[in-house]
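Asker: Sequence first, then the predicted structure, then my questions.
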Amino acid sequence: MADKEKMTIIVFSGEMDKVIPAFNIAIGGATSGMEVNMFFTFWGFNVIKKNEGSIKSKGIMRKMLNFMNRGGAKRLPLSKFHMLGMGKWMMKKLMKDVNSPQVEELIALAKESGVKFIACTNTMGLMGITKEALIPEVDSLAGVATYVAHAKESKINLFI
Amino acid sequence: MADKEKMTIIVFSGEMDKVIPAFNIAIGGATSGMEVNMFFTFWGFNVIKKNEGSIKSKGIMRKMLNFMNRGGAKRLPLSKFHMLGMGKWMMKKLMKDVNSPQVEELIALAKESGVKFIACTNTMGLMGITKEALIPEVDSLAGVATYVAHAKESKINLFI
Amino acid sequence: MADKEKMTIIVFSGEMDKVIPAFNIAIGGATSGMEVNMFFTFWGFNVIKKNEGSIKSKGIMRKMLNFMNRGGAKRLPLSKFHMLGMGKWMMKKLMKDVNSPQVEELIALAKESGVKFIACTNTMGLMGITKEALIPEVDSLAGVATYVAHAKESKINLFI
């Protein structure tokens, strides 16, 4: 009865320009009193992988994949206008100008407002990512059945 | 009680091939009696920025960003098969062949069928876009709290 | 009363990395007892076009478009890290390593679990695709009105 209204967002993309609205919507939902779950999957793992260090994944291909996606909220590219990294640098600068929070700050804001971070176990298996490689803000690991259970009770479902 | 069923679409993308289904779904919803709100954000602003003229944004970087995204429904690229613009030209030609409406016409059709256009104030702040740079079809400006309020009452929520 | 809860997914994208989560979610929904409809549109047609043979589309441009998107579940590219096809090859290899099903198998699994495939008639008109060019797993052809009717009764709506 007194259950909170729910929002469930799949964060599939790992680009800064897509991750930012995902966090803004999640924080907006939590701030307005909703229970918000963010499911990180595929390229979205770039957000929840630690910035530092290498990942001890098994096999040369997983090593390569993890190196190329070595993740960390600071390293997210833009989906457009890379321009040898200038697009991203410019976007970060613009955000700073208007005091718009960077992804690292959005992660902190999301946690403060009660947003839950769930990491997709399928992706972890596929990419050889272990729990240790993830930032401590991740609340739990789960598969698609858990996603469906949350999503079908949610007022807002998004795939970003 | 007599409230209309609602649909809320976030138009994040600015590419022609993604914008077209967004409009088709919006118009389809409105035609079937739903109240439809389209929230334009980020690259989606390319749809609701005026075709003509330059944008008086402050600072060289915002000027550049706005020049590169100088927007206007006529200028939207394709997300794939650009082929030096040929992909887009071809797609427009194909659409004309089967009397499929172009983006400018979809904007008009959407307005006729009662779809509301909402421009994201966060994006406007970030990119230095003023209300004057937007097409007159935009009904209102709003932030994420307004989005969440609409979305949680909507039967259909999409992020495109 | 005894109606099943519904999930409706628009499969707009044709890249392997986006198509796989679409199918995983669809299968997860069907497995948990939901009625799941997948609407294939635009680049998503690459999933439901037959692997073999050429498509008898009218006009040189449709021929080109269909050749470039000649489709078939085996041919889907990755949205990132193409690396001359190596990214895709690597991803397929990784998936085999962990016994993760390939797209062809996901199609079979989806059908077994009762997921319905609907092909967008707008896209078919635009691209000059006939029913004969589609895999037999496609259950029906429909336009946006049918989509809206399904979606507004669905607990989970996604655009992928």
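Answerer: Now that the structure is in, tell me what you want to look at.
Asker: contacts, neighbours, all on C-alpha from now
Answerer: Noted.
Asker: which is the next helix or strand following the top helix by length along chain A?
Answerer: Longest helix of chain A, by residue count under DSSP state H: helix A:16-31. Heading C-terminal from helix A:16-31, the first helix or strand you meet, by DSSP states H and E, is strand A:35-40.
Asker: Name the next helix or strand downstream of that next one, please.
Answerer: helix A:45-48.
Asker: now that following helix: how far from the chain's centre is it?
Answerer: Centroid separation for helix A:45-48 versus its chain: 5 Å, with C-alpha atoms, centre = their mean, to the nearest Å.
Asker: One more: stretch A:36-47?
Answerer: 4 Å.
Asker: Surely residue A:9 and residue A:21 touch.
Answerer: No. Applying C-alpha atoms under 8 Å as the test, residue A:9 and residue A:21 come out as separate, 10.9 Å apart.
Asker: Between these two, tell me which one has more neighbours.
Answerer: residue A:9 (23 against 18; other C-alpha atoms under 10 Å in any protein chain shown).
Asker: List the contacts of the more buried one.
Answerer: A:22, A:26, A:36, A:37, A:38, A:39, A:157, A:158, A:159, A:160 (C-alpha atoms under 8 Å, 6 or more residues apart in numbering or on different chains).
Asker: If we check chain C, which of those are in contact?
Answerer: Contacts with chain C within the contacts of residue A:9, counted by C-alpha under 8 Å from any C-alpha of the partner chain: A:157, A:158, A:159.
Asker: Count the neighbours of the residue in chain A that chain B sits nearest to for me.
Answerer: When scored by C-alpha to the nearest C-alpha, chain A has residue A:155 as its residue closest to chain B, at 5.1 Å. Residues lying near residue A:155 (other C-alpha under 10 Å) number 21.
Asker: Excluding chain neighbours, give the residue nearest to it in space.
Answerer: residue B:152 (5.1 Å; C-alpha to C-alpha, 6 or more residues apart in numbering or on different chains).
Asker: these two touch, right, the one you found and residue A:156?
Answerer: Yes. Shown here, residue B:152 and residue A:156 form a contact pair, counting by C-alpha under 8 Å, at 5.7 Å.
Asker: between these two, who's got more neighbours?
Answerer: Legend: neighbour count by other C-alpha under 10 Å for residue B:152 and residue A:156, higher for residue A:156 (29 against 22).
Asker: thought that one was touching residue B:157?
Answerer: Yes. Counting by C-alpha under 8 Å, residue B:157 is a contact partner of residue A:156 at 6.5 Å.
Asker: joint contacts of those two?
Answerer: Listed as contacting both residue A:156 and residue B:157 by C-alpha under 8 Å, 6+ apart are residue B:151.
Asker: got the angle between the strand or helix carrying residue A:104 and strand A:35-40?
Answerer: Using DSSP H and E, residue A:104 falls within helix A:103-112. For helix A:103-112 against strand A:35-40, the angle by axes from the mean of the first three to the mean of the last three C-alpha atoms, to 10 degrees is 140 degrees.
Asker: pull the CA atoms of helix A:103-112 into PDB?
Answerer: C-alpha atoms of helix A:103-112 as PDB (Å, rounded to 0.1, in the frame of the first residue of the first chain):
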ATOM      1  CA  VAL A 103      29.400  11.800 -14.100                       C
ATOM      2  CA  GLU A 104      31.500  11.100 -11.000                       C
ATOM      3  CA  GLU A 105      29.300  13.600  -9.100                       C
ATOM      4  CA  LEU A 106      26.100  12.300 -10.600                       C
ATOM      5  CA  ILE A 107      27.100   8.800  -9.300                       C
ATOM      6  CA  ALA A 108      27.500  10.400  -5.800                       C
ATOM      7  CA  LEU A 109      24.200  12.400  -6.100                       C
ATOM      8  CA  ALA A 110      22.300   9.300  -7.200                       C
ATOM      9  CA  LYS A 111      23.600   7.300  -4.300                       C
ATOM     10  CA  GLU A 112      22.700  10.100  -1.900                       C
END
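Asker: Strands of chain A, start to end?
Answerer: Counting by DSSP state E, chain A has these strands, from start to end: A:6-11, A:35-40, A:116-120, A:140-142, A:156-159.
Asker: For the ones you listed, give me a markdown table that also has distance to residue A:50 and mean pLDDT.
Answerer: Below are the strands of chain A laid out as a markdown table (distance: least, C-alpha to C-alpha, whole Å; pLDDT from 0 to 100):
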| stretch | distance to residue A:50 | mean pLDDT |
| --- | --- | --- |
| strand A:6-11 | 17 | 98 |
| strand A:35-40 | 14 | 98 |
| strand A:116-120 | 13 | 98 |
| strand A:140-142 | 16 | 98 |
| strand A:156-159 | 23 | 98 |
